[in-house]
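[1] Here you go, sequence then predicted model.
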Amino acid sequence: MSNMIQAAREQVAQLTQAAYEKAAAQGLLPAGAEVKATIEIPKDPTHGDYASSFAMAGAKALHKAPRQIAQTIVDNLDLAGTFFDKVEIAGPGFLNFTLGSKWYGEVLTDIQAEGDTYGKVDEGHGEKVMVEFVSANPTGPMHIGNARGGVLGDALASVLTRAGYDVWREFYVNDAGNQIHKFAMSIDARYLQIVLGEENYPFPEDGYHGDDIKELAQAFYDQHGPDWKDKPEEERQEAMAQYGLSVNIPKMKADLRRYQIEYDEWFLESGLHSSGYVAETVGMLAGKGWTYEKGGALWLNTTDLLKRKFMAEGKTQEQVDKLDLKDDVLRRANGFYTYFAADIAYHRNKLEKRGFSKAINIWGADHHGHVARLQAALDGLGLDGSHRLVVVLMQLVNLLQDGQPVRMSKRSGKAIALRDLLDEVSVDAARFFFNSRSSTSALDFDLDLAVRQDSDNPVYYVQYAHARICSLVSRLTEEGAQMPDAAAVNADLFTTAEEKALIKTLSQLPEVIRISARDYDPSHVNRYLITLAGDFHRFYNACRIKGEEAGLLSARLKLADTVRSVIANCLALIGVTAPEKM
C-alpha cells in the first residue's frame, strides 16, 4: 500500500532527527532533546515541497535561535539516496525540502506495482461495516432523491473497501406497517373503481394518487377479474399489498441494476415482525427500564435516553433542559408495533446479531430528527448507538432544465422517476453528477449539462482525458514506441512544472481515499478526478511526446499511461466507465 506523500513526510522527520543527533554528537546542539515538529506541504511550491518546523519547535529545548538551529541542521543533513534534492532555510527558521527525481520515479513505480488496487490504505483494518442505502418504500417508483442516495451509498461502500474495511451493502425493504397498508388501500380502491365504476367508489384522500397505482390495480384485475370485490376487505387488501410488492420490488432491483448498483442483501422488515424480533427487542428495552405504559400504548422513555446521551457528549444540564424532547410510542394500543420499534430492532440486528462494528446509513435530510433518537435507543440496549450508528444525511436534489427547476411530486404522480432520468442521461453522467458534491450540500442537477459533450461537462472532461491517453498510446505503439517498465524510466527527465505537478497529483490518491473514508464523503474522488484530468491536459499541451528523443518520449509516454490507469481506477471506484474512444 503505497503512500508516497506520507513516505516523504516520514523521511523529512527521519532526516531532521538524524541531522540533530549528528550535530548533538559533535557538541553543536544539546543532546537528548525531544522536539515535536510539524511537517506541512506548502501551498506555494516555491517554498519547497515539505516544510519542517523543527528549528522553531526546538528553540526552547535547544537554547538557540531558530535560524541558528536550522543552519546547524542543514549543515549536518545527508540527502544522498533520499527523496530530496535540497533543503533551504526560510522565514523564522522553516526547513524547506525540495523533492528530487527519486521520489517522482518511485510514484510511477508504486502505481504500476499496485495496479487496480492503487490508493488502498488500511484505515479500516478489516473492520466489518454495513452501508445501508436507498431503502426506498416499495410503494412506487424510485425518484431522483433515491438516485442520489444510491450513488452516494454505493461509492461510499467502494471507498470504504479501498480504505481497508470489510463492507456489506444492504437495502432495507419496508414491506410492513402503515405505508404498506396505505399502498394496499390505494390499489384496492383503484381496483374497485375498475369493477364498480370510478364514480361509484371514492378514492381515499390520503391514498397514493400516482398512475403506477392505477397500473397495478389494472394488472390485478386483468389477472383475477371482478370477483375479488366480494372478498372480505382485509383479505383483499392483503392480496393487493403482496401483488403490488411482487411487481414493485423486482422493478426496483432492475432499476438499481441498470444504475450499476448491486446489494449483498435485500432485508425485509416483515421478517423482523414474523420472527418475533421486534417484540423481543421492545421486551429488552422494557426489561432495562426504558419503557412505560400510557393510554394503552407502550412508550419509550426517549427523553431520558436523549438526556443521558447529550450529557455524555458534553452538553450541560441547563442546555439539555432547554431541549424540546419527546417520548416515542413503541407499541400502539391496538397491539401493533410502530415503525420506530421496527427500526430499533433492525439496527439491533445489524450491531448485535450480525456483528457489524458500524451501521452506516444514507438518509434524506428530512430524517435528521430521527438520528439521535435511534442512537439513544440503541444506547439503551447497551449497543453504543451513539458511536456505532453513523448516519450520512443527504440534502435535496434540484433538477434543472433550460435553467428552470423541474417540479416533482410523488403524490400527484408527477415524480421524476430514476428510470425516467436514465432515459434522459447516461448512467455515467447520473452517477458522476450525483456524487459531485458532499451529501451535506444541496445539488443542482443540470439535465442540459449532463448530456453535453464538451469540457464544461465534468464527467465528459474526465472521460475524455482517459480516451485521449488511450488514443495517444495506441498511435505511438503503432509507430513503434514501446511502453517502458516504470523502473526503467529516467525520472531525471521530468524537469517541467507540468510534469512534476501531474506526478504529485498522482501521488495524492491514497490520501484522497483516507479522507473520503474518514469523512464518509466519496465526492472527494470526483474532485480528485477533475484535478487529475486538468493536470493531464495542461501537461499534454505543454510537454511534447511524439517526436521527442527516445528517453524523453518513453518517460512521458509512461507518465501519460500511468494517468490513464489511475483515472480508470477512480472512475471504477465511483461506478463510472472509462471509455477508450469518444
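    Thanks, I have it.

[2] which sections of this protein are below the confidence cut-off?
    The model of the chain has pLDDT under 70 over residues 407-415.

[3] can you do 90?
    Along the chain, segments meeting pLDDT under 90 span 1-2, 43-47, 140-145, 209-211, 396, 398, 401-417, 420.

[4] what's the longest helix anywhere in it packed up against?
    When every helix of the chain is counted residue by residue (DSSP state H), the longest turns out to be helix 233-258. Of the remaining helices and strands, those touching helix 233-258 by 3 or more C-beta pairs under 8 Å, 6 or more residues apart in numbering; DSSP states H and E are helix 178-196, helix 211-224, helix 418-424. Just so you know, the C-beta spots here come from the backbone N, C-alpha and C atoms, and that holds for glycine as well.

[5] buried stuff in it?
    For helix 233-258, the buried set under the neighbour-count rule, 16 or more other C-beta atoms under 10 Å, comprises 236-241, 243-245, 248-249, 251-252, 255-256.

[6] What segments of the stretch 301-450 of the chain are strands?
    With DSSP state E, counting those that start in this stretch, the ranges of strands along the stretch 301-450 of the chain come out as 328-331, 358-364, 389-394, 397-401, 404-405, 443-446.

[7] circling back to that earlier point, export the helices and strands packed on helix 233-258 to CSV and append columns for distance to Cys570 and mean neighbour count.
    CSV is the format used below for those (distance: least, C-beta to C-beta, whole Å; neighbours: other C-beta atoms under 10 Å):
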stretch, distance to Cys570, mean neighbour count
helix 178-196, 38, 21
helix 211-224, 37, 17
helix 418-424, 22, 16
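
[8] could those go into CSV alongside distance to Trp266?
    As requested, these are arranged in CSV below (distance: least, C-beta to C-beta, whole Å):
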stretch, distance to Trp266
helix 178-196, 16
helix 211-224, 20
helix 418-424, 16
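
[9] For Ala517, which of those helices is the nearest?
    Comparing the helices and strands packed on helix 233-258 against Ala517 with C-beta to C-beta, the closest turns out to be helix 418-424 (26.6 Å).

[10] and that closest one, C-alpha only, in CSV?
    Listed in CSV are the C-alpha atoms of helix 418-424, where the atom choice follows Å, rounded to 0.1, in the frame of the first residue of the first chain:
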residue,chain,number,x,y,z
LEU,A,418,-35.0,7.1,-11.6
ARG,A,419,-35.8,5.1,-14.8
ASP,A,420,-37.1,8.3,-16.5
LEU,A,421,-33.9,10.1,-15.6
LEU,A,422,-31.8,7.3,-17.0
ASP,A,423,-33.7,7.6,-20.2
GLU,A,424,-32.6,11.2,-20.5
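
[11] Please convert the strands of the stretch 301-450 of the chain to JSON lines, extending it with distance to Gln375 and mean neighbour count.
    Rendered in JSON lines, the data for the strands of the stretch 301-450 of the chain read as follows (distance: least, C-beta to C-beta, whole Å; neighbours: other C-beta under 10 Å):
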{"stretch": "strand 328-331", "distance to Gln375": "13", "mean neighbour count": "21"}
{"stretch": "strand 358-364", "distance to Gln375": "10", "mean neighbour count": "21"}
{"stretch": "strand 389-394", "distance to Gln375": "5", "mean neighbour count": "20"}
{"stretch": "strand 397-401", "distance to Gln375": "26", "mean neighbour count": "17"}
{"stretch": "strand 404-405", "distance to Gln375": "34", "mean neighbour count": "9"}
{"stretch": "strand 443-446", "distance to Gln375": "26", "mean neighbour count": "19"}
